[in-house]
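Trainee: Next one to model:
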Amino acid sequence: MLKIKLFLFKLKNLVIIIKSRFLKKKIILKYKIFKEKFSRFVDTKSFSQKWFLNNFEVFHHYLPKDLTTNFSYLEIGSYEGLSALNILFHYKNAKVTAIDLWEESNINSESLKVNFNEIEGKFNKNLEGYKYTKIKNDSVIALREILKKNIYFDLIYIDGSHNGEDILSDAIESYKLLNTGGIIIFDDVVNTNKNINIQSYKGFEKFFEIHKKNIKVLYLKNIAIVKKI
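Mentor: Presented below is the predicted three-dimensional model:
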C-alpha cells in the first residue's frame, strides 16, 4: 500500500520529476571537480555518514554562483554537520544557523540507533574554527523563537525528522522565515517507512497545498526544492 501511494504521488508530479532527472544528469559533470575537492576535505574530518554528498550537485546548482555572496542559511537537522560544513567551506560570507536536538525527536518519528552524544561531539569537532549559530532545541520551538527576533533566511534546508507530520510543521514555520525569492530544500521526500504513520512525501504535499499560490517547485526527485515567489 505504501508503494502504491508513493507511486500515485510520483505520477501526479511526473513532469517535474522527469525534468529533475534530466537536470541532475546535466549538472553532474559541471560540479565534478567541485565535489571532488570538497570530498577530499571531508575525508580529513570525522563523519560516519556522508548522505549529503548524494545531492551535492543539485544543492549547489541552487546556491549562489558567486562564492563571495553574503547570504543567510538555516538548516534543520544537522547531525554530524556535513551540510553545514559544505556552506561554511565554500561561502566565507554566509551566515549559517544549525538546529538539531541531538536526541530522539518523538515516538512518531523514524528512530536512529546511534549515540547522539557522540554525533553532537562530531558536529562540534567538524565545524571547529568556523563561525556559525548552533541551536540545540526542538525545531518548531527554535523556529518560532527566531521569528520573534525578526531574523530571516535566503535558503533553508529541512533534514530533520522524516516523519511527514514533522516535515509539515518544520516547513510551515520555515516558510515564515524565508525571504521572498528564497529557497527551501526538503531532504528525502520520496522515502517510505512502515514504522511511521505519515510518510515524508505527504508532509511535503500538504505544505505545497497550503502555499501553492506563493511557491514554485524547482526540483523534485529524492529531494524537493521550492522557491518563495
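
Trainee: which residue sits closest to the residue nearest the centre of the chain, ignoring its sequence neighbours?
Mentor: Among the residues of the chain, the one closest to the centroid is Tyr157, at 3.0 Å (C-alpha atoms, centre = their mean). Spatially, and ignoring its direct neighbours in sequence, Tyr157 is nearest to Glu75 (4.2 Å; C-beta to C-beta, 6 or more residues apart in numbering). Yep, even glycine has a C-beta here, placed from its N, CA and C like the rest.

Trainee: Tell me which residues are up against the helix or strand hosting that neighbour.
Mentor: Assigned by DSSP states H and E, Glu75 belongs to strand 72-76. Identification of contacts with strand 72-76 by C-beta atoms under 8 Å, 6 or more residues apart in numbering yields 83-84, 87, 91, 94-100, 139, 143, 146, 151-160, 170, 174, 177, 179.

Trainee: Please state the offset of it from the chain centre?
Mentor: Centroid separation for strand 72-76 versus its chain: 8 Å, with C-alpha atoms, centre = their mean, to the nearest Å.

Trainee: By residue count, tell me the biggest strand in the protein.
Mentor: Using DSSP state E, we find that the single longest strand of the chain is strand 178-186.

Trainee: Just the mean pLDDT for that strand, thanks.
Mentor: The average pLDDT for strand 178-186 rounds to 98.

Trainee: Could you do stretch 99-117 as well?
Mentor: 76.

Trainee: which stretches of this protein form helices?
Mentor: 2-12, 14-28, 32-42, 56-61, 82-90, 116-126, 139-148, 164-176, 200-211 (DSSP state H).

Trainee: Other residues contacting the one helix or strand in the chain whose mean pLDDT sits lowest?
Mentor: Lowest mean confidence among the helices and strands of the chain (mean pLDDT, DSSP states H and E): helix 2-12, at a mean of 91. By C-beta under 8 Å, 6+ apart, the residues outside helix 2-12 that reach it are Ile17, Val190, Thr192, Lys194, Gln199, Tyr201, Glu205.

Trainee: Mind checking which of these are buried?
Mentor: Ile17, Val190, Gln199, Tyr201, Glu205 (16 or more other C-beta atoms under 10 Å).

Trainee: Looking at those, which gets the smallest pLDDT?
Mentor: Val190 (90).
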